[in-house]
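Visitor: Based on what follows, work out the 3D shape:
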Amino acid sequence: MLRQALLAVSKSQRAERVISTSPLTRDVVRRYVADDVGAVIGELTRRGLLVTVDHLGEEVTDREQAGQAVREYLRLLELLPAGADVSVKLTALGLRLSEHLALGNAAAICRAAAAAGITVTLDAEEHDTIAGLHAVHTELRGDHPDVGVVVQAYLPEALERCEKLGGARVRLCKGAYTAPVAYTSPADIDRSFVRCLKVLMAGTAYPMVATHDPRLLRIASTLAVLEGRDVTGFEYQMLYGVRPAEQARLAGLGAQMRVYVPYGSDWYAYLMRRLAERPRNLAFFLRSLVSRR
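Guide: Sure thing, here's the model as predicted:
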């Protein structure tokens, strides 16, 4: 129930005004959202961690805003080292305006990223954008075969999606949105995650295992061994600010450990979804609202 409440708050404009304008939220925001993205990327890479970077922002309302998002990603690419990844939300590129517009904008980012030795991953969003996401991904793979896509295990069609993504880079996550037909029980979501993970590890896809769950991490490492994948055959992904000690431990073992680094002023919905995923962080957030530490 707490998770559902936080997800509802993530869509509340009134709550956004109250929370985003409070100077007391600064500490918690900086814990999960990069303030100086260049400095954060530099520090993570010096510590042997890979990065995927997301410029926060969703739901543009016109073509000019979509163009601004493209230009921001092109600037971002100049900050990233080869081997980095950028995470792109198609609604920020105009998906709700036109699938063709989003495809063209995503292709422009993919071309610039390829020239810099950087990969692109298309992020999953609300359930009504998933069909468009996979349609754009399919089109992009014709010219950009290394473009990745996110599959959310909380959606019942996740397994079928994974079965169709042979040869693709696939980030598997639990899912941070709501959907009418989605699994809501944590146990059901975990079972779906493992079913998808088995398909990805046994197939020709490149699995990007996006979870902080210790049990799922152990299952992923076991499946990788059973399927004969070495450390270059898959990677772990975790959010910036979440379980940093575990991120360092996995990297120290030689695993490919990639940190999802968001940045930008449009952080409110992202932060609320992170709290919904890990309600234990709510206490930290509430303390930041009532104290000047």
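
Visitor: which residue ranges form the helices in the chain?
Guide: With DSSP state H applied, the chain shows helices at 2-9, 13-20, 26-32, 37-46, 63-77, 99-115, 130-143, 158-163, 186-202, 214-226, 244-252, 268-277, 281-290, listed in chain order.

Visitor: Highest mean neighbour count out of those helices?
Guide: helix 268-277 (a mean of 21; mean count of other Cβ atoms under 10 Å). Every residue, glycine included, has its C-beta placed from N, CA and C.

Visitor: Flag the shaky bits of this protein, pLDDT-wise.
Guide: Along the chain, the parts satisfying pLDDT under 70 run over 1-27, 267, 272-293.

Visitor: What residues are bridge-paired with residue 173?
Guide: Residue 173 forms beta bridges with residue 152, as assigned by DSSP bridges.

Visitor: show me what contacts it?
Guide: Residue 173 sits next to 124, 150-153, 210-211 when contact means Cβ atoms under 8 Å, 6 or more residues apart in numbering.

Visitor: burial count for the nearest residue to residue 126 once chain neighbours are set aside?
Guide: Sequence neighbours aside, residue 177 is the residue nearest to residue 126 in space, at 5.3 Å (criterion: Cβ to Cβ, 6 or more residues apart in numbering). Burial of residue 177 is recorded as 21 neighbouring residues (other Cβ atoms under 10 Å).

Visitor: Residue 177 and residue 61: what is the separation?
Guide: From residue 177 over to residue 61 the distance is 20 Å, taken as Cβ to Cβ, to the nearest Å.

Visitor: Please apply the same query to residue 72.
Guide: In this view, residue 72 and residue 61 are 16 Å apart by Cβ to Cβ.

Visitor: Residue 174 too?
Guide: Separation of residue 174 from residue 61 (Cβ to Cβ) stands at 29 Å.

Visitor: Equivalent analysis for residue 155, please.
Guide: Residue 155 is 26 Å from residue 61, by Cβ to Cβ.

Visitor: Residue 192 too?
Guide: Applying Cβ to Cβ, the value for residue 192 to residue 61 is 34 Å.

Visitor: Identify the residues contacting the closest residue to residue 50 other than its chain neighbours.
Guide: Take residue 50 and drop its neighbours on the chain: the residue closest to it by Cβ to Cβ, 6+ apart is residue 258, 3.9 Å away. When contacts are counted by Cβ under 8 Å, 6+ apart, residue 258 touches 49-52, 85, 208, 235-238.

Visitor: now do residue 98
Guide: Applying Cβ under 8 Å, 6+ apart to residue 98 gives no contacts.

Visitor: do you know how far the nearest residue to residue 69 once chain neighbours are set aside is from residue 37?
Guide: Closest residue in space to residue 69, ignoring its immediate chain neighbours: residue 92 at 4.4 Å, by Cβ to Cβ, 6+ apart. Separation of residue 92 from residue 37 (Cβ to Cβ) stands at 16 Å.

Visitor: Also residue 105?
Guide: In terms of Cβ to Cβ, residue 105 sits 21 Å off from residue 37.

Visitor: Could you do residue 120 as well?
Guide: Separation of residue 120 from residue 37 (Cβ to Cβ): 17 Å.

Visitor: cool, and residue 268?
Guide: Look at residue 268 and residue 37: by Cβ to Cβ, they are 18 Å apart.

Visitor: With residue 100 instead?
Guide: Distance, residue 100 to residue 37, by Cβ to Cβ: 30 Å.
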